[in-house]
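S.K.: Show me how the following folds:
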Amino acid sequence: DDIPKGYDSHDKSMIMVETSQELASVARFFNDPAADRLTNSARKAMRRTLDVFLKPDDQLLLERVKTGGETAYDELLGSSVLPGHALEDAWFIMHFAMTTGDDAALRAGINITRWMTELGWDHEYGGIPQYVHKDGGPPRGRILDENCDDRMILLLRDNWANKLWWVHSEALYALILSYEHSNDPWFMDTYGKLHEYVFSTFPNPDKNVGEWIQIRDREGKPEDKVVALPVKDPYHITRAFMHLIKSLERMMESGRK
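M.R.: Numbering: from 1, shown residues only. This is a model prediction of the structure:
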């Protein structure tokens, strides 16, 4: 998403923590000395997310803060959150914490998963909208003159209630991974609820197609809209379920049910 004027966006540190740790893993496999530098890059990105965008007192992972780091809860841009990004980054953080033995970061990832799933869940129609207000429901708040023409304003107004395939695949994995590392039944119970919604909503009803529909409206009906790209790539779904299966296998190997 475009970064609005006067704001800094969580997606930069989110992308860096995942990209850096994956490259570090490859470098380590080949005994490349760049592994340590890449691990430090991932750690720095994770710390920025946890120190700047995570608000534990408010139980939020914000998508945007002002360029000075302060919150802007009275503004539309500063009070809207993107649950899908938060849940995706939650497992990025947990993966890094698992690799480095960072128990505090692991707990932060687990907390983010719970807070943002609870906040994002649509109690009327099920599923998780693309954007919500920090207190739940449709995005709201004042718009500064300098932001009137920002593309994000239009997205928040017109597309907030979209139910997207990638948000839900990321959420399913974040919930399972959080359950693996917390043993809190809330995560498995919530996974079951979300699983039922996802697999009754996104797979194409024509079994011969065998694909997920990219975007649904708030009630779960297909919408003719473009999300980021004019085609639906399978990246999020494939990656999330490969990781999810590995998490389930680890739990089975350890005797967990």
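
S.K.: beta partners of the nearest residue to Leu144 once chain neighbours are set aside?
M.R.: In space, and not counting its chain neighbours, Leu144 is closest to Glu75: 6.6 Å by CB to CB, 6 or more residues apart in numbering. Placement of C-beta: from N, CA and C, glycine included. Beta-bridge pairing for Glu75 (DSSP bridges): Arg142.

S.K.: and Glu75, how many neighbours?
M.R.: Around Glu75 there are 20 other residues, counting by other CB atoms under 10 Å.

S.K.: so who does it touch?
M.R.: 141-144, 147 (CB atoms under 8 Å, 6 or more residues apart in numbering).

S.K.: So what does the closest residue to Arg216 other than its chain neighbours look like in phi/psi?
M.R.: Closest residue in space to Arg216, ignoring its immediate chain neighbours: Lys163 at 4.3 Å, by CB to CB, 6+ apart. The phi/psi pair for Lys163 (degrees, to the nearest 10) reads phi -110, psi 110.

S.K.: Export only the CA atoms of stretch 137-146, formatted as PDB.
M.R.: Taking Å, rounded to 0.1, in the frame of the first residue of the first chain, the C-alpha atoms of stretch 137-146 are listed here in PDB:
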ATOM      1  CA  GLY A 137     -15.800  -1.800  13.000                       C
ATOM      2  CA  PRO A 138     -15.400   0.500  10.000                       C
ATOM      3  CA  PRO A 139     -12.400   2.800   9.800                       C
ATOM      4  CA  ARG A 140     -13.300   6.300  11.000                       C
ATOM      5  CA  GLY A 141     -11.600   9.600  12.000                       C
ATOM      6  CA  ARG A 142     -10.600  12.900  10.700                       C
ATOM      7  CA  ILE A 143      -8.600  13.500   7.500                       C
ATOM      8  CA  LEU A 144      -5.900  16.100   7.300                       C
ATOM      9  CA  ASP A 145      -5.800  18.400   4.300                       C
ATOM     10  CA  GLU A 146      -2.400  17.000   3.300                       C
END
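
S.K.: which residues make contact with that stretch from outside it?
M.R.: 5-6, 73-80, 131-133, 153, 156-157, 160-161.

S.K.: contacting residues for Arg256?
M.R.: 180, 183.

S.K.: And the pLDDT at it?
M.R.: Model confidence at Arg256, expressed as pLDDT, equals 75.

S.K.: Go ahead and measure how far the worst-scoring helix or strand of the chain on mean pLDDT is from the middle of the chain.
M.R.: Of the helices and strands making up the chain, the lowest-confidence element is strand 215-216, at a mean of 88, by mean pLDDT, DSSP states H and E. For strand 215-216, the separation from the chain centroid amounts to 17 Å (computed by CA atoms, centre = their mean, to the nearest Å).

S.K.: Skip ahead from it and say which helix or strand is next.
M.R.: helix 235-253 (DSSP states H and E).

S.K.: which residues sit against that next one?
M.R.: 91, 165-166, 169-170, 172-173, 176-177, 180, 212, 257.

S.K.: Just the buried residues from the residues you listed, in PyMOL please.
M.R.: Buried subset of the contacts of helix 235-253, written as a PyMOL selection, criterion 16 or more other CB atoms under 10 Å:
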select buried, resi 91+165+166+169+170+172+173+176+177+180+212
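
S.K.: which stretches of the chain have low pLDDT?
M.R.: In the predicted model, the chain carries pLDDT under 70 at residues 1, 225-234, 257.

S.K.: Strands of that one, residue ranges please.
M.R.: Using DSSP state E, the strands of the chain run over 7-9, 54-55, 60-61, 64-66, 80-81, 132-133, 163-164, 215-216.

S.K.: right, and those - which one's nearest Gly192?
M.R.: strand 163-164 (18.2 Å; CB to CB).

S.K.: now for the closest one, which elements pack on it?
M.R.: strand 215-216 (3 or more CB pairs under 8 Å, 6 or more residues apart in numbering; DSSP states H and E).

S.K.: Show me the contact partners of the strand it packs on.
M.R.: 127, 162-165, 201-202, 222-223, 225, 227.
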